[in-house]
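Trainee: this one's structure only:
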């Protein structure tokens, strides 16, 4: 299938989810939800207004997002034939809209001076937008072949001087293989994982969560709960519990969870069976 929606769409009928997330109407809805999530547009009040007003133009939504984000949002397309929602700022793909909101969440949680690492970064779109939000200390860890794709995307969109690969020591977004996280000891203000921990084996996910617990102040997980285990369940085995748990704004079935990992700062959202005082 390739990375993101960068693949031959001729056989989309064989890949139902690919057809849905590549459809411009679905991407438009995600962009509108993003604007509502960050407070750039008011939520419709269906009890009074019913279905609500006529859907606003794409560029109007983008301008609203600009005002909250603090920069002009663009959708760079270094690859030919990207599929998505046409705008005057580029073709907005499914992943680019998701990544823009995820970068907003990162900045919202830790600010622009934080040290951030993303486990599994796709093409690096979240890192790209995090840079627009002013976050300078950003690391991606992923499989080596994906590191190559990330370096190409970020090199084309930010410039080759803004990318630092394994073995290099220069400013910019660091792109590293998985071992550089699991076998290292450096700390981070925030670890981010989107749509991947629950796709791993349980043992692999547990290894990552152990490393996250020991080396980060906060952990942002945006994952679905369809597979045999959830991020919440894996973290609970390590006596780590989310401080916030909410539905993810931009995609049904996904959960936005924040785990505060500094000793004494995380709390349980829900009473556990042994919390006798809370159960009474």
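Mentor: Structure received. In this text, all values refer to a predicted model and were calculated from it rather than measured experimentally.
Trainee: C-alpha only now, for contacts and for neighbours.
Mentor: OK.
Trainee: thinking residue 220 is in contact with residue 189, fair?
Mentor: No: assessed by CA atoms under 8 Å, residue 220 is found out of contact with residue 189, at 10.7 Å.
Trainee: ok, these two, which is more surrounded?
Mentor: Counted by other CA atoms under 10 Å, residue 220 and residue 189 do not tie: residue 220 has more neighbours, with 22 against 19.
Trainee: and that one, what does it touch?
Mentor: 190, 191, 192, 193, 256, 257, 258, 259 (CA atoms under 8 Å, 6 or more residues apart in numbering).
Trainee: Bridging across strands, which residues link to it?
Mentor: residue 192, residue 258 (DSSP bridges).
Trainee: That one and residue 256: what is the separation?
Mentor: 7 Å (CA to CA, to the nearest Å).
Trainee: what about the protein, any weak spots by pLDDT?
Mentor: 1-2, 7-22, 263-280 (pLDDT under 70).
Trainee: make it 50
Mentor: Residues of the chain that meet the criterion pLDDT under 50 lie in 264-280.
Trainee: all helices of it, in order?
Mentor: In the chain, the helices defined using DSSP state H lie at 16-22, 24-37, 46-49, 58-69, 94-110, 125-132, 144-158, 179-182, 202-215, 231-237, 276-279.
Trainee: wait, what's in contact with the residue nearest the centre of the chain?
Mentor: By CA atoms, centre = their mean, the chain has its centre lying nearest to residue 102, at 4.0 Å. By CA under 8 Å, 6+ apart, residue 102 lies in contact with residue 126.
Trainee: what do you get for residue 79?
Mentor: residue 6.
Trainee: ok, back up a step: just the contacts of residue 220 now: which is nearest residue 110?
Mentor: Residue 110 has its nearest neighbour among those in residue 190, at 7.2 Å by CA to CA.
Trainee: now the closest one: how far from residue 224?
Mentor: For residue 190, the distance to residue 224 - CA to CA - is 20 Å.
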